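Q: build the 3D model from these lines:
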Amino acid sequence: LATLPMRGNGLTSLPVIPMSRHSAYQSRIEKFSAQELEMSLTSSRYSNYRLAAFGLGLAFLIVPSVVKLPQAVTAVMYLFCLAGFAAFVVLIIRHRRVLREEERFRLLRQINEQAIHRLNREWNEFPVPEAPEEFASLAKARDLDLFGLASLFQLLSVQRTPQGRTTLARWLVESASPEK
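A: Next comes the predicted model:
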């Protein structure tokens, strides 16, 4: 066991128990799930605020058209209409930020869930990444089962972009140069 230096109470060291990878991933899943839920609730509130702002703006637009009101009152109602629609636009922008954060936490949670599945070799629990055809069709790749279910490509592939998958596939199939 590793030791951690201590001061003050006469102890020179205390054992440090490292967190296992599985428990580290599980801890992150719980944290990201909580943050995702918080963003989801915030997103719901923003949806309601947007609806209210649009409804009020629309009401302040329609009422002066339907009901005969003094000109000063009509002008004030149109100002409130503009304020309601301006608030609606601001809420749209802020809501998009919340939705992006919610998506970010969802992806982080999924990445950590997939990491646990990789550690446990639970192949059916995470998707088989699409291998670039120019590499998957090579005889060497087929002979070594580099691509497909329970393959090295599936184990290592955490890329989210086609360029990342292509780079990983190239690394698996092509031989490294002697300089590397």
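Q: can you tell me the element A176 falls in?
A: For A176, there is no helix or strand it lies in under DSSP states H and E.
Q: can you check A72 too?
A: Assessed by DSSP H and E, A72 sits inside helix 71-119.
Q: so which elements touch that helix?
A: If contacts are counted by 3 or more CB pairs under 8 Å, 6 or more residues apart in numbering; DSSP states H and E, helix 71-119 sits against helix 21-66. Quick note: C-beta positions are derived from backbone N, CA and C, even for glycine.
Q: let's go with 10 Å and repeat that
A: Judged by 3 or more CB pairs under 10 Å, 6 or more residues apart in numbering; DSSP states H and E, helix 71-119 is in contact with helix 21-66, helix 152-156.
Q: got a pLDDT number for Q154?
A: Note on Q154: pLDDT of 79.
Q: I misspoke; the intended subject was N9.
A: Here the pLDDT value assigned to N9 is 45.
Q: give the contact list for the residue nearest in space to the middle of the chain.
A: In the chain, the centroid-proximal residue (CA atoms, centre = their mean) is R104; its distance is 2.2 Å. Counting by CB atoms under 10 Å, 6 or more residues apart in numbering, R104 makes contact with 32, 35-36, 39.
Q: list just the nearest of those residues to H117.
A: F32 (15.6 Å; CB to CB).
Q: quick revisit: worst mean pLDDT among the helices and strands packed on helix 71-119?
A: Sorting these by mean pLDDT places helix 152-156 lowest, at a mean of 81.
Q: residues making contact with that helix?
A: 118, 121, 123, 126-131, 135-136, 141, 144-148, 165, 168-169, 171-173.
Q: could I get the buried residue list for it?
A: Buried residues in helix 152-156, defined by neighbour count with 16 or more other CB atoms under 10 Å: 153-154.
Q: just stretch 133-140 next, same as before
A: 135-136, 138.
Q: in TSV, list the helices and strands packed on helix 71-119 along with distance to R100.
A: As requested, the helices and strands packed on helix 71-119 are exported to TSV (distance: least, CB to CB, whole Å):
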stretch	distance to R100
helix 21-66	9
helix 152-156	28
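Q: for F88, find the nearest of these.
A: Here helix 21-66 is closest among the helices and strands packed on helix 71-119 (CB to CB), at 4.2 Å.
Q: tell me what the closest one is packed against?
A: Counting by 3+ CB pairs under 10 Å, 6+ apart, helix 21-66 packs on helix 71-119.
Q: list the helices and strands whichever helix or strand comes after the helix it packs on packs on?
A: The helix or strand immediately downstream of helix 71-119 is helix 133-136, counting by DSSP H and E. Applying 3+ CB pairs under 10 Å, 6+ apart, we find helix 133-136 packed against helix 139-143, helix 162-173.
Q: if you average pLDDT over each of these, which is lowest?
A: helix 139-143 (a mean of 82).
Q: show me what it is packed up against.
A: Short answer (3+ CB pairs under 10 Å, 6+ apart): helix 139-143 packs on helix 133-136, helix 162-173.
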